[in-house]
Structure formats: structure tokens, C-alpha cells
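S.K.: have a look; sequence and predicted model below, questions after that.
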Amino acid sequence: MAVRKKPSAVAIALGLLAILLCVAGVLALRSANLPPPARDSGTSVTPGAGAPTGRPAEIPANAWQTLRLIDEGQWPPPDSPATKGGTTWNNRESRLPRRTQSGAPITYREWDVNRKQQGRTRDAERIVTGSDGTAWYTGDHYRTFTRMR
């Protein structure tokens, strides 16, 4: 019968370290593939962060006015044909939730907040409305979002 040597303390420590690194790697990969958590009204998100970072006070008054006009079917205004509104926004980078809490897919539409000024390019402010009834404000052309409702 062969006699088995007892593993050294260094071998045990290296084995435990390897297991710990594997577990940490698996957890990191799993968390990267999770959908963003549900957010409460008046929070803002930075892409990839997923944590609330802002307040409704960061939304300018004219954005609230534009949202009201969107809800009433009066935006973009007919006398401002270069102002965009109601076109599909694909959420390609998953900056906003892709599904409702019940698992239904969310589709989005984008709207200019301000009228397009003749001779100028469109500004960075947008409202993005979701098929789930949410509305999001971005003042930096989709880098960050603040939930309006």
C-alpha cells in the first residue's frame, strides 16, 4: 500500500486562492448579464452604473412642458417641421430597461425637447418614452437619463 503525503500549507493556500478567483470570475460574469434593476421615479442613471444618482430637480421646466405636449399628441409642433418626435429609439446599448418587471419587452420612442432652430443642428436634449408608460429625460444625448415617470 502506498503512503500518501499530506499537502503542504502553501499548496492548500494556492488551491483555495484558485477556487476563490474562479468564484469571483463567475459572479462578475453573471452580474454583467443581468437586466438593469427597476428604478423609481425621479432617479437618474449613468449607463453601466445601474444605481440612482439624480433628482427630478435636474429636469428643466421646458422638458416637463414638452412631455405634457407629447402626452396630448401636440409634439412636435406643426409649425416646426425640423423638430423630431415619435421615432423609434432602439436602446441598443441597454441604457434603459429592456423589459418590464413582468418580463414584457419595452419599446421606446425619442422626442426633441426643444424646437429645432433654423440654421442650427438639433441640441442634445431628448425625452425617451417607453411602451410601459415611462418617460426619461437626457440632457447629454443619451449618456445619462433621469426618469420623469
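M.R.: The structure has been received and is ready for your questions.

S.K.: for the rest of this, base every contact and every neighbour count on C-alpha atoms.
M.R.: Fine.

S.K.: any idea of the mean pLDDT in the helix or strand where residue 65 lies?
M.R.: For residue 65, the host element (DSSP states H and E) is helix 61-71. The average pLDDT for helix 61-71 rounds to 98.

S.K.: what does that helix contact?
M.R.: Contact partners of helix 61-71, identified using C-alpha atoms under 8 Å, 6 or more residues apart in numbering, comprise 75, 76, 113, 114, 127, 137.

S.K.: I'd assumed residue 127 was in contact with the third one.
M.R.: Yes. Residue 113 is in contact with residue 127 according to C-alpha atoms under 8 Å; the separation is 6.3 Å.

S.K.: and residue 86, what element?
M.R.: Using DSSP H and E, residue 86 sits in strand 85-89.

S.K.: so what touches that strand?
M.R.: Residues from elsewhere that reach strand 85-89 (C-alpha under 8 Å, 6+ apart): 75, 76, 107, 108, 109, 110, 111, 112, 128.

S.K.: just the buried subset of those, written out for ChimeraX, thanks.
M.R.: In ChimeraX, selecting the buried portion of the contacts of strand 85-89, with burial taken from 16 or more other C-alpha atoms under 10 Å, looks like this:
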select :75,76,107,108,109,110,111,112,128
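
S.K.: next step: the contacts of strand 85-89 restricted to strands.
M.R.: Judged by DSSP state E, the subset of those located in strands is 108, 109, 110, 111, 112, 128.

S.K.: hang on, the earlier thing: how about the contacts of strand 85-89 in TSV, adding distance to residue 121 and pLDDT?
M.R.: Converted to TSV, the contacts of strand 85-89 look like this (distance: C-alpha to C-alpha, whole Å; pLDDT from 0 to 100):
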residue	distance to residue 121	pLDDT
75	19	97
76	16	97
107	26	98
108	23	98
109	20	98
110	16	98
111	15	98
112	12	98
128	19	98
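
S.K.: brilliant, that's me finished.
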